[in-house]
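> Sharing a model prediction with you, sequence too.
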Amino acid sequence: MLLQRCYNQSEDQFPLPPHIREQYGPFGFPQPCDASRPYISSNFVMGLDGRASFRELPGQAGGREVSRSKEDRWLMDFIRAHHDAQIMGASTLREELGRDSKGWDYAVADEDLGQYREKKLGLDRTRVIIVTGSGEVDLTFRVFNSPRVEPWIVTTAAGAQTLQTRLKALGKGADLKVVSVGEGSIVDLPAAMRVLRQEHGIRTLLCEGGPTLYGELLHLRLIDEDFRTLSLQVPGKTTKPPIERPTTYGHLSYVPETAPWFRLISLHYALPYHAFLRVRYEGPRKFDS
Ligand SMILES: NC(=O)c1ccc[n+]([C@@H]2O[C@H](COP(=O)([O-])OP(=O)(O)OC[C@H]3O[C@@H](n4cnc5c(N)ncnc54)[C@H](OP(=O)(O)O)[C@@H]3O)[C@@H](O)[C@H]2O)c1
């Protein structure tokens, strides 16, 4: 693996194996500024134009298609290994179908990192949390049937009912955790984050997309930091309007006074096609006129 370090000002919290530390440098999180919810990071890959998906091309929607990088795949596992749980929107699950149309299980695939998570960090199988208002989620997908992860769903009362019907039809139930927060089709995300921290002990949460869920979290000031793989290609606009290719920042729109800023924490790269940024949320900045 040819990951190279350019700059790293991370906290030094985790007992990284020496060969990883030598390449990556230190890794850690700051003290959370709000102990009532998890510390929330996100991880996405994007092209030079910020686009995160060749969405309209069947079978080629995913972040993997934008990335095409061994180092990005390893870093994704590295970041997953350090979080208590992962969270993603239901559309990412529905659209990233993989080769057999059963999707992915979103587990730490790298064996060494899996061992490190379990033995050195003392963390269990990662919880993969799917957010859905509709409850329209295919429970035969890999993530709901993999021994490597613990699948959870965060939904509303109505979504939970739809899921119960689906679970019953499949004769399943006991091994799927369903957390219900909110009414109608909208999960109350701030309340859900508090439930995850206070009732389920989740201290660190990694948002793996998609842009809609991430954009909501950012808008609600629930994002603490972002990991961004910059793939030095330009996906460009859709070939099939009106299906748009989203940027990682979804539908957000700001003016100069409100646009959030992030501070650089680390910068790594893999020549010649990928840069890996870690940036921490600071919020809108004031400038002297
Ligand atoms: N490049 C990358 O790293 C990367 C990473 C992830 C995804 N992607 C791409 O991003 C695209 C999908 O992203 P997306 O932005 O369209 O969708 P998304 O954020 O993955 O999912 C949106 C869905 O999540 C549920 N949801 C989100 N917030 C909710 C709330 N507050 N209350 C209730 N439900 C909520 C809803 O599900 P229901 O409709 O079931 O109610 C909603 O339709 C795909 O093309 C995927 O390949 C790229």
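Looks like it came in fine.

> use CA for all of it now, contacts and neighbours both
Fine.

> Those residues of the protein touching the ligand, which are they?
Within reach of the ligand by C-alpha under 6 Å from any ligand atom, the chain has these residues: 44-46, 52-53, 55, 61-63, 88-92, 95-96, 131-136, 185-189, 208-213.

> Tell me the helix or strand right after the helix or strand where Leu75 lies.
Here Leu75, judged by DSSP states H and E, is contained in helix 70-81. Moving toward the C-terminus from helix 70-81, the first helix or strand encountered (DSSP H and E) is strand 85-89.

> buried ones in the helix or strand just after that next one?
Remark: after strand 85-89, the chain's next helix or strand is helix 90-95, criterion DSSP H and E. Using 16 or more other C-alpha atoms under 10 Å as the test for burial, helix 90-95 gives Ala90, Ser91, Thr92, Leu93, Glu95.

> In CSV, list those residues along with pLDDT.
Putting the buried residues of helix 90-95 into CSV (pLDDT from 0 to 100) gives the following:
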residue, pLDDT
Ala90, 98
Ser91, 96
Thr92, 96
Leu93, 95
Glu95, 92
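
> tell me, what residue is most central in the chain?
Closest to where the C-alpha atoms of the chain average out (C-alpha atoms, centre = their mean) is Glu208, at 1.5 Å.

> looking at the chain, which helix or strand does the model trust least?
Counting by mean pLDDT, DSSP states H and E, the chain has its least confident helix or strand at helix 63-67, which shows a mean of 89.

> outside of it, which residues touch it?
Residues outside helix 63-67 that contact it (C-alpha atoms under 8 Å, 6 or more residues apart in numbering): Phe44, Val45, Met46, Gly47, Ala52, Ser53, Phe54, Thr229, Ser231, Pro235.

> residues near the residue nearest to Thr92 when sequence neighbours are not counted, how many?
Closest residue in space to Thr92, ignoring its immediate chain neighbours: Gly210 at 5.7 Å, by C-alpha to C-alpha, 6 or more residues apart in numbering. Other residues lying near Gly210 total 27 when counted by other C-alpha atoms under 10 Å.

> Would you confirm that Gly210 contacts Arg94?
No. Using C-alpha atoms under 8 Å, Gly210 makes no contact with Arg94, being 10.9 Å away.

> which stretches of the stretch 1-150 of the chain aren't confidently modelled?
Flagging of the stretch 1-150 of the chain using pLDDT under 70 yields the residue ranges 1.

> how about the strands of it, start to end?
4-8, 39-46, 85-89, 126-131, 149-155 (DSSP state E, counting those that start in this stretch).

> I'd like to know which elements the longest helix seen in the chain is packed against.
Longest helix in the chain by number of residues (criterion: DSSP state H): helix 157-170. When contacts are defined as 3 or more C-alpha pairs under 8 Å, 6 or more residues apart in numbering; DSSP states H and E, helix 157-170 sits against strand 177-180.

> buried residues in the strand it packs on?
For strand 177-180, the neighbour count (16+ other C-alpha under 10 Å) marks Val178, Val179, Ser180 as buried.

> can you check stretch 142-160 too?
Across stretch 142-160, burial judged by 16+ other C-alpha under 10 Å covers 142-144, 148-160.

> could I get it in PDB with only the CA atoms?
The C-alpha trace of stretch 142-160 is given here as PDB (Å, rounded to 0.1, in the frame of the first residue of the first chain):
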ATOM      1  CA  ARG A 142     -26.400  -8.700   2.600                       C
ATOM      2  CA  VAL A 143     -26.200  -6.200   5.400                       C
ATOM      3  CA  PHE A 144     -29.200  -7.800   7.200                       C
ATOM      4  CA  ASN A 145     -27.700 -11.300   6.900                       C
ATOM      5  CA  SER A 146     -24.000 -11.000   7.500                       C
ATOM      6  CA  PRO A 147     -22.300 -12.400  10.500                       C
ATOM      7  CA  ARG A 148     -19.700  -9.600  10.300                       C
ATOM      8  CA  VAL A 149     -22.000  -6.700  11.300                       C
ATOM      9  CA  GLU A 150     -25.000  -5.900  13.500                       C
ATOM     10  CA  PRO A 151     -27.800  -4.300  11.400                       C
ATOM     11  CA  TRP A 152     -30.000  -1.600  12.900                       C
ATOM     12  CA  ILE A 153     -32.700   0.500  11.400                       C
ATOM     13  CA  VAL A 154     -33.600   4.000  12.600                       C
ATOM     14  CA  THR A 155     -37.100   5.000  11.400                       C
ATOM     15  CA  THR A 156     -40.400   6.500  12.500                       C
ATOM     16  CA  ALA A 157     -43.400   4.800  14.100                       C
ATOM     17  CA  ALA A 158     -45.000   4.400  10.600                       C
ATOM     18  CA  GLY A 159     -41.700   3.100   9.100                       C
ATOM     19  CA  ALA A 160     -41.400   0.600  11.900                       C
END
